[in-house]
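> what's the 3D shape of this:
(chains A and B)
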Protein chains: 2
Amino acid sequence: MGIDSTNQTGIKAFVFDVFGTVVDWRSGVAREAQPFLKRHAPDLDVSEFTDAWRREYSPAMEEVRSGRRPYVRLDVLHRENLVKVLAHFGIANASEPEIDELNLAWHRLDPWPDAVDALHRLKRRFIIAPLSNGNIRLMMDIAKRAGLPWDAILGAEVVRAYKPSPRVYSETAEILALAPRELCLVAAHNNDLAAARRVGLSTAFVGRPTEHGPHQTSDLKADEAWDFVVDDLHELATQLGCAR
Amino acid sequence: MGIDSTNQTGIKAFVFDVFGTVVDWRSGVAREAQPFLKRHAPDLDVSEFTDAWRREYSPAMEEVRSGRRPYVRLDVLHRENLVKVLAHFGIANASEPEIDELNLAWHRLDPWPDAVDALHRLKRRFIIAPLSNGNIRLMMDIAKRAGLPWDAILGAEVVRAYKPSPRVYSETAEILALAPRELCLVAAHNNDLAAARRVGLSTAFVGRPTEHGPHQTSDLKADEAWDFVVDDLHELATQLGCAR
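Modelled structure (predicted):
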(Lines give C-alpha, C1' and ligand atoms only; values in the text may rest on other atoms or scores of the structure.)
Protein backbone atom coordinates (compact mmCIF):
# COMPACT_ATOMS: atom_id res chain seq x y z
CA MET A 1 0.00 0.00 0.00
CA GLY A 2 1.22 3.48 -0.63
CA ILE A 3 0.52 6.71 -2.46
CA ASP A 4 -2.83 6.85 -4.26
CA SER A 5 -3.55 3.22 -3.52
CA THR A 6 -6.78 3.94 -1.65
CA ASN A 7 -8.92 1.59 -3.68
CA GLN A 8 -6.47 -1.26 -3.45
CA THR A 9 -6.24 -1.01 0.35
CA GLY A 10 -9.96 -1.69 0.81
CA ILE A 11 -9.77 0.08 4.18
CA LYS A 12 -13.10 1.52 5.34
CA ALA A 13 -12.25 2.69 8.86
CA PHE A 14 -9.24 3.93 10.81
CA VAL A 15 -9.13 3.41 14.56
CA PHE A 16 -6.51 5.13 16.66
CA ASP A 17 -4.51 4.46 19.73
CA VAL A 18 -4.82 7.75 21.62
CA PHE A 19 -2.30 8.12 24.49
CA GLY A 20 0.96 8.91 22.70
CA THR A 21 -0.44 8.48 19.19
CA VAL A 22 -3.05 11.26 19.04
CA VAL A 23 -2.39 13.17 22.27
CA ASP A 24 0.77 14.10 24.17
CA TRP A 25 -0.06 12.58 27.57
CA ARG A 26 3.31 13.29 29.21
CA SER A 27 3.31 17.07 28.81
CA GLY A 28 -0.40 17.26 29.57
CA VAL A 29 -0.31 15.25 32.78
CA ALA A 30 2.80 17.14 33.93
CA ARG A 31 1.07 20.48 33.31
CA GLU A 32 -2.05 19.37 35.18
CA ALA A 33 -0.02 17.93 38.09
CA GLN A 34 2.08 21.04 38.60
CA PRO A 35 -0.25 23.05 40.89
CA PHE A 36 -0.93 19.93 42.97
CA LEU A 37 2.76 19.16 43.39
CA LYS A 38 3.50 22.79 44.21
CA ARG A 39 1.17 22.41 47.19
CA HIS A 40 2.16 18.92 48.32
CA ALA A 41 5.69 18.14 47.11
CA PRO A 42 7.38 21.28 45.81
CA ASP A 43 10.77 19.56 45.49
CA LEU A 44 9.50 16.66 43.39
CA ASP A 45 10.26 16.81 39.67
CA VAL A 46 6.95 16.86 37.80
CA SER A 47 8.20 14.63 34.98
CA GLU A 48 9.43 12.07 37.50
CA PHE A 49 5.98 12.08 39.07
CA THR A 50 4.26 11.76 35.67
CA ASP A 51 6.50 8.89 34.57
CA ALA A 52 5.97 7.09 37.87
CA TRP A 53 2.19 7.38 37.47
CA ARG A 54 2.36 6.09 33.90
CA ARG A 55 4.58 3.15 34.93
CA GLU A 56 1.63 1.75 36.90
CA TYR A 57 -0.59 1.83 33.79
CA SER A 58 0.34 -1.43 32.12
CA PRO A 59 0.60 -3.59 35.28
CA ALA A 60 -2.84 -2.37 36.41
CA MET A 61 -4.41 -3.36 33.08
CA GLU A 62 -2.58 -6.68 33.18
CA GLU A 63 -4.71 -7.67 36.19
CA VAL A 64 -7.76 -7.37 33.94
CA ARG A 65 -6.12 -8.86 30.84
CA SER A 66 -5.04 -11.92 32.82
CA GLY A 67 -8.55 -12.51 34.13
CA ARG A 68 -7.49 -11.98 37.76
CA ARG A 69 -9.81 -9.00 37.94
CA PRO A 70 -13.07 -8.20 36.10
CA TYR A 71 -13.05 -5.24 33.73
CA VAL A 72 -13.04 -1.83 35.42
CA ARG A 73 -12.68 1.37 33.45
CA LEU A 74 -9.36 3.15 33.11
CA ASP A 75 -10.45 6.13 35.24
CA VAL A 76 -10.66 3.70 38.16
CA LEU A 77 -7.24 2.19 37.46
CA HIS A 78 -5.69 5.64 37.02
CA ARG A 79 -7.02 6.69 40.42
CA GLU A 80 -5.78 3.55 42.18
CA ASN A 81 -2.40 4.04 40.52
CA LEU A 82 -2.34 7.66 41.64
CA VAL A 83 -2.93 6.69 45.26
CA LYS A 84 -0.02 4.24 45.01
CA VAL A 85 2.28 6.84 43.48
CA LEU A 86 1.35 9.45 46.09
CA ALA A 87 2.23 6.96 48.81
CA HIS A 88 5.49 6.14 47.03
CA PHE A 89 6.51 9.80 47.09
CA GLY A 90 5.33 10.23 50.69
CA ILE A 91 2.49 12.60 49.79
CA ALA A 92 0.02 11.89 52.58
CA ASN A 93 -1.98 15.07 53.06
CA ALA A 94 -3.94 15.34 49.79
CA SER A 95 -7.73 15.33 50.18
CA GLU A 96 -10.02 12.93 48.32
CA PRO A 97 -11.47 15.73 46.15
CA GLU A 98 -7.91 16.87 45.31
CA ILE A 99 -7.03 13.33 44.22
CA ASP A 100 -10.24 13.08 42.17
CA GLU A 101 -9.38 16.37 40.49
CA LEU A 102 -5.79 15.37 39.73
CA ASN A 103 -7.06 12.12 38.23
CA LEU A 104 -8.89 14.22 35.63
CA ALA A 105 -5.48 15.31 34.27
CA TRP A 106 -5.87 12.49 31.72
CA HIS A 107 -9.10 14.11 30.48
CA ARG A 108 -7.26 17.33 29.56
CA LEU A 109 -4.50 16.25 27.19
CA ASP A 110 -3.50 18.24 24.14
CA PRO A 111 -3.33 16.60 20.71
CA TRP A 112 -0.06 16.47 18.77
CA PRO A 113 0.00 19.48 16.40
CA ASP A 114 -0.95 17.48 13.28
CA ALA A 115 -3.81 15.47 14.81
CA VAL A 116 -6.95 17.63 14.58
CA ASP A 117 -6.52 18.79 10.97
CA ALA A 118 -5.38 15.40 9.72
CA LEU A 119 -8.34 13.66 11.40
CA HIS A 120 -10.70 16.08 9.64
CA ARG A 121 -9.08 15.11 6.32
CA LEU A 122 -9.41 11.39 7.05
CA LYS A 123 -13.00 11.74 8.30
CA ARG A 124 -14.26 12.93 4.92
CA ARG A 125 -13.47 9.54 3.37
CA PHE A 126 -13.28 7.06 6.24
CA ILE A 127 -14.88 6.17 9.54
CA ILE A 128 -12.54 7.38 12.31
CA ALA A 129 -12.70 6.42 15.98
CA PRO A 130 -10.40 5.99 18.94
CA LEU A 131 -9.43 2.43 19.87
CA SER A 132 -7.89 3.26 23.20
CA ASN A 133 -7.68 1.65 26.59
CA GLY A 134 -9.18 4.88 27.91
CA ASN A 135 -12.85 4.68 28.91
CA ILE A 136 -15.64 6.38 26.98
CA ARG A 137 -16.01 9.47 29.19
CA LEU A 138 -12.23 9.97 29.24
CA MET A 139 -12.00 9.76 25.43
CA MET A 140 -15.02 12.02 25.02
CA ASP A 141 -13.64 14.69 27.34
CA ILE A 142 -10.31 14.73 25.49
CA ALA A 143 -12.11 14.92 22.15
CA LYS A 144 -14.52 17.66 23.19
CA ARG A 145 -11.73 19.81 24.65
CA ALA A 146 -9.33 19.26 21.75
CA GLY A 147 -11.83 19.17 18.89
CA LEU A 148 -11.05 15.61 17.76
CA PRO A 149 -13.85 14.85 15.27
CA TRP A 150 -14.45 11.15 16.02
CA ASP A 151 -17.40 9.37 14.41
CA ALA A 152 -17.82 7.22 17.53
CA ILE A 153 -15.94 6.35 20.70
CA LEU A 154 -14.80 2.74 20.45
CA GLY A 155 -12.19 0.90 22.50
CA ALA A 156 -11.72 -0.91 25.80
CA GLU A 157 -14.96 0.06 27.54
CA VAL A 158 -17.18 -0.88 24.60
CA VAL A 159 -15.76 -4.43 24.53
CA ARG A 160 -14.86 -4.57 28.24
CA ALA A 161 -11.28 -5.71 27.69
CA TYR A 162 -7.87 -4.05 27.40
CA LYS A 163 -5.47 -3.96 24.46
CA PRO A 164 -3.49 -5.89 23.41
CA SER A 165 -6.08 -8.62 24.13
CA PRO A 166 -7.04 -9.91 20.68
CA ARG A 167 -10.77 -9.49 21.16
CA VAL A 168 -10.45 -5.71 21.52
CA TYR A 169 -9.45 -5.55 17.86
CA SER A 170 -11.64 -8.34 16.49
CA GLU A 171 -14.82 -7.29 18.31
CA THR A 172 -14.28 -3.70 17.17
CA ALA A 173 -14.21 -4.92 13.56
CA GLU A 174 -17.45 -6.83 14.24
CA ILE A 175 -19.10 -3.75 15.75
CA LEU A 176 -18.16 -1.84 12.60
CA ALA A 177 -19.45 -4.70 10.40
CA LEU A 178 -16.05 -4.84 8.70
CA ALA A 179 -13.71 -7.63 7.73
CA PRO A 180 -10.54 -7.27 9.86
CA ARG A 181 -8.41 -6.06 6.92
CA GLU A 182 -10.95 -3.30 6.18
CA LEU A 183 -10.11 -1.83 9.59
CA CYS A 184 -6.74 -0.15 10.12
CA LEU A 185 -5.22 0.52 13.53
CA VAL A 186 -3.07 3.65 13.73
CA ALA A 187 -0.58 3.58 16.61
CA ALA A 188 2.81 4.84 17.70
CA HIS A 189 3.47 1.50 19.42
CA ASN A 190 4.76 -1.58 17.64
CA ASN A 191 3.24 -4.01 20.18
CA ASP A 192 -0.25 -2.58 19.66
CA LEU A 193 0.11 -2.95 15.87
CA ALA A 194 1.49 -6.48 16.20
CA ALA A 195 -1.56 -7.54 18.22
CA ALA A 196 -3.89 -5.93 15.68
CA ARG A 197 -2.11 -7.62 12.77
CA ARG A 198 -2.33 -10.99 14.52
CA VAL A 199 -6.13 -10.87 14.16
CA GLY A 200 -5.96 -9.56 10.60
CA LEU A 201 -6.31 -5.79 10.93
CA SER A 202 -4.44 -3.41 8.64
CA THR A 203 -1.78 -1.37 10.42
CA ALA A 204 -0.28 2.12 10.34
CA PHE A 205 2.72 3.19 12.43
CA VAL A 206 3.09 6.87 13.23
CA GLY A 207 6.38 7.92 14.77
CA ARG A 208 6.04 9.85 18.05
CA PRO A 209 9.69 9.95 19.13
CA THR A 210 9.13 12.33 22.06
CA GLU A 211 6.09 10.63 23.62
CA HIS A 212 8.27 9.62 26.58
CA GLY A 213 10.31 12.82 26.57
CA PRO A 214 13.65 13.74 25.03
CA HIS A 215 15.42 10.48 25.94
CA GLN A 216 12.91 8.01 24.51
CA THR A 217 14.39 4.63 23.55
CA SER A 218 11.29 2.61 22.54
CA ASP A 219 9.16 2.75 19.38
CA LEU A 220 11.55 5.11 17.60
CA LYS A 221 10.92 3.20 14.40
CA ALA A 222 8.67 0.59 12.82
CA ASP A 223 9.71 -2.92 13.89
CA GLU A 224 7.76 -4.65 11.14
CA ALA A 225 6.68 -3.76 7.61
CA TRP A 226 3.38 -2.21 8.68
CA ASP A 227 0.96 -1.31 5.88
CA PHE A 228 1.73 2.37 6.44
CA VAL A 229 4.72 3.95 8.18
CA VAL A 230 4.44 7.72 8.59
CA ASP A 231 5.91 10.60 10.57
CA ASP A 232 2.57 12.20 11.31
CA LEU A 233 -1.13 11.86 10.53
CA HIS A 234 -1.02 14.35 7.65
CA GLU A 235 1.41 12.04 5.89
CA LEU A 236 -1.08 9.19 6.35
CA ALA A 237 -3.96 11.31 4.98
CA THR A 238 -1.84 12.31 2.00
CA GLN A 239 -0.82 8.72 1.25
CA LEU A 240 -4.51 7.83 1.25
CA GLY A 241 -5.28 10.62 -1.20
CA CYS A 242 -7.35 12.69 1.25
CA ALA A 243 -7.68 16.33 0.22
CA ARG A 244 -6.06 19.01 2.41
CA MET B 1 -37.15 23.75 35.07
CA GLY B 2 -37.77 26.18 32.24
CA ILE B 3 -36.40 29.23 30.52
CA ASP B 4 -32.94 30.31 31.70
CA SER B 5 -32.87 27.68 34.40
CA THR B 6 -29.72 25.97 33.10
CA ASN B 7 -27.83 26.18 36.34
CA GLN B 8 -30.73 24.93 38.39
CA THR B 9 -31.21 21.90 36.16
CA GLY B 10 -27.73 20.57 36.84
CA ILE B 11 -27.94 18.63 33.56
CA LYS B 12 -24.53 17.82 32.04
CA ALA B 13 -25.50 15.57 29.14
CA PHE B 14 -28.42 15.05 26.81
CA VAL B 15 -28.98 11.62 25.28
CA PHE B 16 -31.46 11.13 22.49
CA ASP B 17 -33.82 8.53 21.27
CA VAL B 18 -33.13 8.52 17.52
CA PHE B 19 -35.82 6.69 15.48
CA GLY B 20 -38.71 9.14 15.41
CA THR B 21 -37.11 11.67 17.76
CA VAL B 22 -34.07 12.77 15.72
CA VAL B 23 -34.70 11.10 12.36
CA ASP B 24 -37.81 10.47 10.28
CA TRP B 25 -37.57 6.68 9.87
CA ARG B 26 -40.92 6.20 8.12
CA SER B 27 -40.26 8.46 5.11
CA GLY B 28 -36.64 7.28 4.89
CA VAL B 29 -37.36 3.56 4.91
CA ALA B 30 -40.22 4.07 2.42
CA ARG B 31 -37.92 6.00 0.08
CA GLU B 32 -35.20 3.32 0.32
CA ALA B 33 -37.69 0.47 -0.16
CA GLN B 34 -39.31 1.94 -3.27
CA PRO B 35 -36.89 0.61 -5.94
CA PHE B 36 -36.92 -2.83 -4.30
CA LEU B 37 -40.73 -2.96 -4.23
CA LYS B 38 -40.96 -1.71 -7.81
CA ARG B 39 -39.00 -4.82 -8.82
CA HIS B 40 -40.64 -7.35 -6.54
CA ALA B 41 -44.12 -6.14 -5.58
CA PRO B 42 -45.14 -3.17 -7.72
CA ASP B 43 -48.73 -3.21 -6.40
CA LEU B 44 -47.76 -3.11 -2.72
CA ASP B 45 -48.13 0.25 -0.96
CA VAL B 46 -44.71 1.32 0.26
CA SER B 47 -46.05 2.81 3.50
CA GLU B 48 -47.91 -0.41 4.25
CA PHE B 49 -44.66 -2.32 3.74
CA THR B 50 -42.71 0.12 5.95
CA ASP B 51 -45.26 -0.02 8.75
CA ALA B 52 -45.35 -3.82 8.60
CA TRP B 53 -41.55 -3.96 8.91
CA ARG B 54 -41.62 -1.56 11.85
CA ARG B 55 -44.38 -3.54 13.59
CA GLU B 56 -41.90 -6.40 14.02
CA TYR B 57 -39.41 -4.09 15.79
CA SER B 58 -40.70 -4.17 19.35
CA PRO B 59 -41.61 -7.90 19.50
CA ALA B 60 -38.13 -8.79 18.19
CA MET B 61 -36.43 -6.74 20.93
CA GLU B 62 -38.80 -8.18 23.51
CA GLU B 63 -37.15 -11.59 22.97
CA VAL B 64 -33.89 -10.02 24.20
CA ARG B 65 -35.46 -7.87 26.92
CA SER B 66 -37.23 -10.91 28.37
CA GLY B 67 -33.99 -12.89 28.52
CA ARG B 68 -35.29 -15.54 26.10
CA ARG B 69 -32.53 -14.58 23.69
CA PRO B 70 -29.02 -13.16 24.27
CA TYR B 71 -28.33 -9.63 22.98
CA VAL B 72 -27.94 -9.35 19.21
CA ARG B 73 -27.58 -6.02 17.48
CA LEU B 74 -30.52 -4.30 15.84
CA ASP B 75 -29.14 -4.77 12.30
CA VAL B 76 -29.61 -8.51 12.87
CA LEU B 77 -33.15 -8.12 14.19
CA HIS B 78 -34.06 -5.75 11.34
CA ARG B 79 -32.92 -8.33 8.81
CA GLU B 80 -34.80 -11.19 10.45
CA ASN B 81 -37.89 -8.98 10.56
CA LEU B 82 -37.45 -8.09 6.92
CA VAL B 83 -37.37 -11.76 5.91
CA LYS B 84 -40.62 -12.29 7.85
CA VAL B 85 -42.30 -9.31 6.22
CA LEU B 86 -41.21 -10.35 2.72
CA ALA B 87 -42.75 -13.78 3.34
CA HIS B 88 -45.92 -12.14 4.67
CA PHE B 89 -46.31 -10.19 1.43
CA GLY B 90 -45.42 -13.21 -0.67
CA ILE B 91 -42.15 -11.74 -1.99
CA ALA B 92 -40.09 -14.86 -2.60
CA ASN B 93 -37.65 -13.98 -5.36
CA ALA B 94 -35.37 -11.40 -3.68
CA SER B 95 -31.69 -12.37 -3.53
CA GLU B 96 -29.65 -12.38 -0.31
CA PRO B 97 -27.58 -9.35 -1.43
CA GLU B 98 -30.79 -7.49 -2.28
CA ILE B 99 -32.14 -8.22 1.20
CA ASP B 100 -28.84 -7.11 2.79
CA GLU B 101 -28.98 -3.91 0.79
CA LEU B 102 -32.60 -3.17 1.71
CA ASN B 103 -31.75 -3.75 5.36
CA LEU B 104 -29.36 -0.77 5.11
CA ALA B 105 -32.41 1.48 4.58
CA TRP B 106 -32.26 2.16 8.33
CA HIS B 107 -28.70 3.51 7.90
CA ARG B 108 -29.91 6.21 5.50
CA LEU B 109 -32.57 8.13 7.37
CA ASP B 110 -32.94 11.89 7.19
CA PRO B 111 -33.06 13.99 10.35
CA TRP B 112 -36.11 16.11 11.17
CA PRO B 113 -35.45 19.63 9.85
CA ASP B 114 -34.55 21.12 13.26
CA ALA B 115 -32.22 18.34 14.43
CA VAL B 116 -28.78 19.12 13.01
CA ASP B 117 -28.68 22.83 13.86
CA ALA B 118 -30.23 22.36 17.30
CA LEU B 119 -27.76 19.58 18.17
CA HIS B 120 -24.89 21.91 17.26
CA ARG B 121 -26.33 24.50 19.66
CA LEU B 122 -26.67 21.96 22.47
CA LYS B 123 -23.21 20.48 21.84
CA ARG B 124 -21.46 23.74 22.72
CA ARG B 125 -22.66 23.46 26.32
CA PHE B 126 -23.52 19.82 26.91
CA ILE B 127 -22.41 16.30 26.08
CA ILE B 128 -24.76 14.97 23.40
CA ALA B 129 -25.10 11.35 22.32
CA PRO B 130 -27.71 8.99 20.92
CA LEU B 131 -29.33 6.57 23.37
CA SER B 132 -31.01 4.43 20.78
CA ASN B 133 -31.79 0.76 20.36
CA GLY B 134 -29.90 1.02 17.08
CA ASN B 135 -26.43 -0.53 17.05
CA ILE B 136 -23.23 1.51 16.88
CA ARG B 137 -22.57 1.13 13.14
CA LEU B 138 -26.20 1.96 12.34
CA MET B 139 -26.10 5.12 14.49
CA MET B 140 -22.71 6.11 13.06
CA ASP B 141 -23.86 5.73 9.45
CA ILE B 142 -26.95 7.85 10.08
CA ALA B 143 -24.84 10.49 11.83
CA LYS B 144 -22.13 10.60 9.18
CA ARG B 145 -24.65 10.90 6.34
CA ALA B 146 -26.84 13.47 8.09
CA GLY B 147 -24.14 15.44 9.91
CA LEU B 148 -25.38 14.73 13.44
CA PRO B 149 -22.52 16.00 15.64
CA TRP B 150 -22.61 13.40 18.45
CA ASP B 151 -19.84 13.39 21.07
CA ALA B 152 -20.08 9.59 21.29
CA ILE B 153 -22.37 6.77 20.21
CA LEU B 154 -24.07 5.36 23.30
CA GLY B 155 -27.11 3.10 23.54
CA ALA B 156 -28.18 -0.51 23.32
CA GLU B 157 -25.01 -2.03 21.87
CA VAL B 158 -22.71 -0.39 24.42
CA VAL B 159 -24.67 -1.87 27.33
CA ARG B 160 -25.94 -4.93 25.43
CA ALA B 161 -29.59 -4.44 26.35
CA TYR B 162 -32.64 -2.82 24.79
CA LYS B 163 -34.70 0.11 26.03
CA PRO B 164 -36.87 0.34 28.03
CA SER B 165 -34.84 -2.07 30.21
CA PRO B 166 -33.79 0.06 33.19
CA ARG B 167 -30.11 -0.75 32.93
CA VAL B 168 -29.82 0.89 29.50
CA TYR B 169 -30.45 4.24 31.18
CA SER B 170 -28.62 3.64 34.46
CA GLU B 171 -25.49 2.11 32.91
CA THR B 172 -25.32 4.97 30.41
CA ALA B 173 -25.26 7.42 33.33
CA GLU B 174 -22.45 5.35 34.90
CA ILE B 175 -20.46 5.36 31.64
CA LEU B 176 -20.78 9.15 31.57
CA ALA B 177 -19.79 9.35 35.27
CA LEU B 178 -23.00 11.28 35.96
CA ALA B 179 -25.66 11.07 38.61
CA PRO B 180 -28.92 9.99 36.92
CA ARG B 181 -30.54 13.44 37.24
CA GLU B 182 -27.52 15.03 35.50
CA LEU B 183 -28.43 13.02 32.41
CA CYS B 184 -31.49 13.98 30.38
CA LEU B 185 -33.21 11.68 27.91
CA VAL B 186 -34.82 13.44 24.96
CA ALA B 187 -37.51 11.37 23.27
CA ALA B 188 -40.75 11.62 21.31
CA HIS B 189 -42.12 8.60 23.19
CA ASN B 190 -43.73 8.76 26.61
CA ASN B 191 -42.87 5.14 27.49
CA ASP B 192 -39.15 5.73 26.87
CA LEU B 193 -39.23 8.82 29.12
CA ALA B 194 -41.20 6.97 31.81
CA ALA B 195 -38.55 4.24 31.95
CA ALA B 196 -35.76 6.82 32.15
CA ARG B 197 -37.54 8.73 34.91
CA ARG B 198 -38.04 5.51 36.90
CA VAL B 199 -34.24 5.24 37.32
CA GLY B 200 -33.86 8.96 38.05
CA LEU B 201 -32.93 10.53 34.71
CA SER B 202 -34.15 13.97 33.71
CA THR B 203 -36.60 13.92 30.81
CA ALA B 204 -37.49 16.00 27.75
CA PHE B 205 -40.45 15.27 25.48
CA VAL B 206 -40.29 16.50 21.92
CA GLY B 207 -43.49 16.25 19.91
CA ARG B 208 -43.14 14.41 16.60
CA PRO B 209 -46.81 14.13 15.60
CA THR B 210 -46.12 12.75 12.12
CA GLU B 211 -43.56 10.08 13.02
CA HIS B 212 -46.14 7.41 12.14
CA GLY B 213 -47.63 9.36 9.24
CA PRO B 214 -50.61 11.70 8.94
CA HIS B 215 -52.97 9.58 11.07
CA GLN B 216 -50.78 9.12 14.14
CA THR B 217 -52.69 8.48 17.37
CA SER B 218 -49.91 7.80 19.90
CA ASP B 219 -47.49 10.20 21.64
CA LEU B 220 -49.30 13.27 20.33
CA LYS B 221 -48.68 14.94 23.69
CA ALA B 222 -46.75 14.59 26.93
CA ASP B 223 -48.47 12.08 29.24
CA GLU B 224 -46.57 13.23 32.34
CA ALA B 225 -45.05 16.49 33.54
CA TRP B 226 -41.65 15.83 31.96
CA ASP B 227 -38.85 18.25 32.88
CA PHE B 228 -39.07 19.76 29.40
CA VAL B 229 -41.89 19.58 26.87
CA VAL B 230 -41.04 21.08 23.50
CA ASP B 231 -42.20 21.08 19.88
CA ASP B 232 -38.72 20.72 18.43
CA LEU B 233 -35.07 20.60 19.48
CA HIS B 234 -34.50 24.31 18.86
CA GLU B 235 -37.09 25.05 21.51
CA LEU B 236 -35.16 22.81 23.92
CA ALA B 237 -31.86 24.55 23.11
CA THR B 238 -33.49 27.94 23.61
CA GLN B 239 -35.02 26.94 26.97
CA LEU B 240 -31.53 25.90 28.06
CA GLY B 241 -30.08 29.24 27.05
CA CYS B 242 -27.96 27.86 24.19
CA ALA B 243 -26.94 30.53 21.67
CA ARG B 244 -28.32 30.29 18.12
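> From the centre of chain A, give me the residue that's furthest out.
When distances are taken from the C-alpha mean of chain A, A:Asn93 lies farthest, 31.2 Å away, according to CA atoms, centre = their mean.
> And the nearest residue to it once chain neighbours are set aside, how far from chain B?
Leaving aside its chain neighbours, A:Asn93 sits nearest to A:His40 (6.5 Å; criterion: CB to CB, 6 or more residues apart in numbering or on different chains). Every C-beta, even on glycine, is put in place using the N, C-alpha and C of the backbone. Using CB to the nearest CB, to the nearest Å, one gets 25 Å for the distance from A:His40 to chain B.
> what's near enough to touch A:His40?
When contacts are counted by CB atoms under 8 Å, 6 or more residues apart in numbering or on different chains, A:His40 touches A:91, A:93-94.
> Which pLDDT value goes with A:His120?
According to the predicted model, the pLDDT of A:His120 comes to 98.
> got the residues of chain A near chain B?
Of all the residues in chain A, those in contact range of chain B (CB under 8 Å from any CB of the partner chain) are A:75, A:127, A:135-137, A:139-140, A:143-144, A:150-154, A:157-158, A:175-177.
> Can you show me the helices along chain A?
Secondary structure of chain A, counting by DSSP state H: helices at A:6-9, A:25-40, A:46-55, A:57-65, A:74-88, A:96-103, A:115-123, A:136-146, A:156-159, A:166-175, A:190-198, A:233-239.
> Turn those into TSV, columns for distance to B:Arg54.
Conversion of those to TSV gives the following (distance: least, CB to CB, whole Å):
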stretch	distance to B:Arg54
helix A:6-9	37
helix A:25-40	46
helix A:46-55	50
helix A:57-65	40
helix A:74-88	39
helix A:96-103	45
helix A:115-123	31
helix A:136-146	30
helix A:156-159	27
helix A:166-175	24
helix A:190-198	38
helix A:233-239	40
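> How is chain A partitioned into domains?
Split into domains by automatic domain parsing, chain A comes to A:6-24+A:109-239, A:26-107.
> Name the stretch among those that sits most buried.
For these, average neighbour numbers computed from mean count of other CB atoms under 10 Å in any protein chain shown are highest in domain A:6-24+A:109-239, which has a mean of 20.
> where does chain A dip in pLDDT?
Residues of chain A meeting the criterion pLDDT under 70: A:1-7.
> redo that, cut-off 90
For chain A, applying pLDDT under 90 flags the ranges A:1-9, A:244.
> So A:Pro130 is in contact with A:Glu157, correct?
No. With the criterion set as CB atoms under 8 Å, A:Pro130 and A:Glu157 do not qualify as a contacting pair; they are 10.7 Å apart.
> Excluding sequence neighbours, find me the nearest residue to A:Arg125.
Counting by CB to CB, 6+ apart, A:Cys242 is the residue found nearest to A:Arg125 once chain neighbours are left out, at 5.6 Å.
> mind pulling up the phi and psi values for the one you found?
Backbone geometry at A:Cys242, expressed as degrees, to the nearest 10, gives phi -80, psi 130.
> ok, it - how many residues close by?
The local packing count at A:Cys242 equals 18, with neighbours defined by other CB atoms under 10 Å in any protein chain shown.
> Test my guess that it contacts A:Leu119.
No. If you go by CB under 8 Å, A:Cys242 and A:Leu119 don't touch, sitting 10.3 Å apart.
> Before I go, just wanted to say thanks for your time.
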